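[1] the sequence isn't on hand, but the structure is:
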């Protein structure tokens, strides 16, 4: 299967970008901003978006900018580390994965999606961990295992395919 992305085949899964986790996850700088960009872009491109929350009673709700970008719909509450069910429910062949923590919930989700025959694409600059060493190790492991790892800007322009796409200017405005 090619890793090339098509809007009609791709969804976005935002894993556990919650108040208490975000407060603890500092690296990479701006990762939550890129999650917000991904959500806004997915909405512009009419792609399905799923947002999960790991035990929200303890870790808080999804941060406001991400919820506002998503618009209607509620995050899916979960206690399992993997968010595979929310990703599979998108009904797409490929799923962009963003969120935290890279070495726990994101990593398990990515591997579980692959087991469910959904191709994950990890958006590396839109995932975080409390410790950068954990994030880097997880990225290295997934890359070694053949998981496609890309950046926010790379996946968005991949989805557009051409500067003639009707949403090009709006997407370009998000990443500038």
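    Right, received. Where do you want to start? What you see is a predicted model, and the numbers here were worked out from it, not measured in a lab. Numbering: from 1, shown residues only.

[2] now do residue 109 against residue 68, distance only.
    23 Å (CB to CB, to the nearest Å). In short, each C-beta sits where N, CA and C put it, glycine included.

[3] could you do residue 114 as well?
    Distance of residue 114 to residue 68, given as CB to CB: 31 Å.

[4] and those two? Which one has more around it.
    Ranked by neighbour count (other CB atoms under 10 Å), residue 114 and residue 68 place residue 114 first, with 16 against 12.

[5] so that one makes contact with residue 120?
    Yes: between residue 114 and residue 120 there is a contact under CB atoms under 8 Å: 6.0 Å.

[6] list residues touching both of these two?
    The contact sets of residue 114 and residue 120 overlap at residue 147 (CB atoms under 8 Å, 6 or more residues apart in numbering).

[7] could you pull out the helices for this structure?
    19-24, 31-44, 56-59, 64-70, 84-88, 107-115, 132-144, 152-160, 168-175 (DSSP state H).

[8] need those helices in TSV (columns: distance to residue 126 and mean pLDDT).
    TSV is the format used below for these (distance: least, CB to CB, whole Å; pLDDT from 0 to 100):
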stretch	distance to residue 126	mean pLDDT
helix 19-24	12	94
helix 31-44	4	97
helix 56-59	19	95
helix 64-70	11	95
helix 84-88	15	97
helix 107-115	13	98
helix 132-144	12	96
helix 152-160	5	97
helix 168-175	12	95
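
[9] in TSV, list those helices along with distance to residue 97.
    Compiled in TSV, those are given as follows (distance: least, CB to CB, whole Å):
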stretch	distance to residue 97
helix 19-24	15
helix 31-44	10
helix 56-59	18
helix 64-70	14
helix 84-88	7
helix 107-115	6
helix 132-144	10
helix 152-160	10
helix 168-175	19
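
[10] next, find the distance separating residue 175 from residue 148.
    19 Å.

[11] quick one: buried residues of stretch 99-117?
    99-114 (16 or more other CB atoms under 10 Å).

[12] same thing with stretch 157-173?
    Here stretch 157-173 shows 157-160, 165, 167, 171 as buried, counting by 16+ other CB under 10 Å.

[13] kindly check the end-to-end length of that stretch for me.
    12 Å (CA to CA, to the nearest Å).

[14] chain center to that stretch: distance?
    The chain centre lies 19 Å from the centre of stretch 157-173; the measure is CA atoms, centre = their mean, to the nearest Å.
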